[in-house]
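1. Would you be able to build a 3D model of this:
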Amino acid sequence: MDLDKVLESRRSVRKYDATKQVTEKDLETIIEAAIQAPSWKNSQTARYYAVLDKDVHNKISDEALPAFNAKSSTGAALIITTFVKDRSGFDREGNPENECGNGWGYYDLGLHNANLILKAKDLGLDTLIMGIRDGDKIREILNIPENEIVVSVIAIGYSDSEATKPKRKRAEDILTII
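-> As a prediction, this is how the structure comes out:
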């Protein structure tokens, strides 16, 4: 698919077709695209935990997502996103290199996740990034190491409805050229 088409057609989807399943191959392809994103000093701290197992998906939905996110991700696979803390934005001795500190880990993961959702769309899949979640419960369920910060849960699957495009600002609304 053409990049402009991918950018124009990507939507946050809240209803998935449970009869169509995301495959391990799809997930590997999507993560390979995420890996191509830049990161602070090439630190590559993004980590992904993909949930295809229905029982684990249900446990996360029941115990770690609010009802509206659990409902919105029914029928989709889940990708939990994390990053290794205290590396991106830090020097070799573990000191933050500027006032952002672990903010660079969030920034880098955001760049990776942008690639992830765009590649998913390119493959005909749809996504929903969910930031309201119980990170400690997800860490417990998936046995995520303490040195990783749980950031988001991304639902990924085949849309079961047509999502409408919300109004977007124009370049002149947000751009200042000096």
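2. helices and strands around the longest strand out of those in the chain, which ones?
-> When the chain is parsed with DSSP state E, its longest strand is strand 148-157. If you count contacts as 3 or more Cβ pairs under 8 Å, 6 or more residues apart in numbering; DSSP states H and E, strand 148-157 packs onto strand 77-84, helix 103-122, strand 126-130, helix 135-142. In short, each C-beta sits where N, CA and C put it, glycine included.
3. Identify whichever of the ones you listed lies nearest to Leu65.
-> Set against Leu65 and scored by Cβ to Cβ, the helices and strands packed on strand 148-157 come closest in strand 126-130, at 6.9 Å.
4. Could you pull up the mean pLDDT of that closest one?
-> Mean pLDDT, strand 126-130: 97.
5. can you check stretch 77-85 too?
-> Confidence over stretch 77-85 (mean pLDDT, whole number) is 96.
6. cool, and stretch 107-116?
-> 97.
7. Give the buried residues for it.
-> Buried residues in stretch 107-116, counted by 16 or more other Cβ atoms under 10 Å: Tyr107, Asp108, Leu109, Gly110, Leu111, His112, Asn113, Asn115, Leu116.
8. Glu172 versus Ile178, what's the distance?
-> For Ile178, the distance to Glu172 equals 15 Å [Cβ to Cβ, to the nearest Å].
9. out of those two, which sits in the busier spot?
-> Glu172 (8 against 2; other Cβ atoms under 10 Å).
10. Please report phi then psi for that one.
-> phi -70, psi -20 (degrees, to the nearest 10).
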